[in-house]
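Chemist: No letters, just coordinates:
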């Protein structure tokens with residue numbers, strides 16, 4: 001009986017060893033799959049980082065261009081304001097000269113007794 005017990009114990013030991021070896025092999029295969037998956041994810045993350053870096057440099061470039069355009073537009077705005085002020089000043093001088101000429105003509109009409117109904121200065 002002792003011999004049967006030894007055979008059964010040895011059989012169970014062999015089955016346990018086979019189960020352990022199978023478990024190790026299967027877990028090693030699972031670990032290899034997990035490592036491959038981790039490598040794939042790492043590659044995807046590297047690609048994403050490259051895309052983000054490229055996008056950031058594009059945005060930085062666009063910000064620099066927008067800054068240059070902002071300065072350009074402010075320069076144009078300043079020039080337009082100067083031109084507008086000069087135009088208003090010139091128009092003011094024109095109105096003064098026109099009024100001066102009208103007043104001088106009125107004086108001349110009165111001095112020489114000419115009716116100013118013949119010559120009419122149109123309003124500008």
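Modeler: On my side now, so go ahead. Nothing here was measured: the structure is a model prediction, and the numbers come from that model.

Chemist: list the contacts for residue 4?
Modeler: The contact partners of residue 4, by C-beta atoms under 8 Å, 6 or more residues apart in numbering, come to none. C-beta: built from backbone N, CA, C; applies to glycine.

Chemist: So for it, what's the pLDDT?
Modeler: Looking at residue 4, its pLDDT is 77.

Chemist: same thing with the one 4 residues further on?
Modeler: Reported pLDDT at residue 8 in the predicted model: 76.

Chemist: Quick check: phi and psi on it?
Modeler: For residue 8, the backbone dihedrals (degrees, to the nearest 10) come out as phi -60, psi -40.

Chemist: what's the neighbour count on it?
Modeler: For residue 8, the neighbour count with other C-beta atoms under 10 Å is 10.

Chemist: dump the residue contacts of it.
Modeler: By C-beta under 8 Å, 6+ apart, no residues touch residue 8.

Chemist: Just give me the residue closest to the centre of the chain.
Modeler: The structure's the chain has its C-alpha centroid closest to residue 59; by C-alpha atoms, centre = their mean the separation is 5.3 Å.

Chemist: Which secondary structure state does it sit in?
Modeler: The three-state label for residue 59, taken from DSSP: H, G, I helix; E, B strand; the rest coil, comes out as helix.
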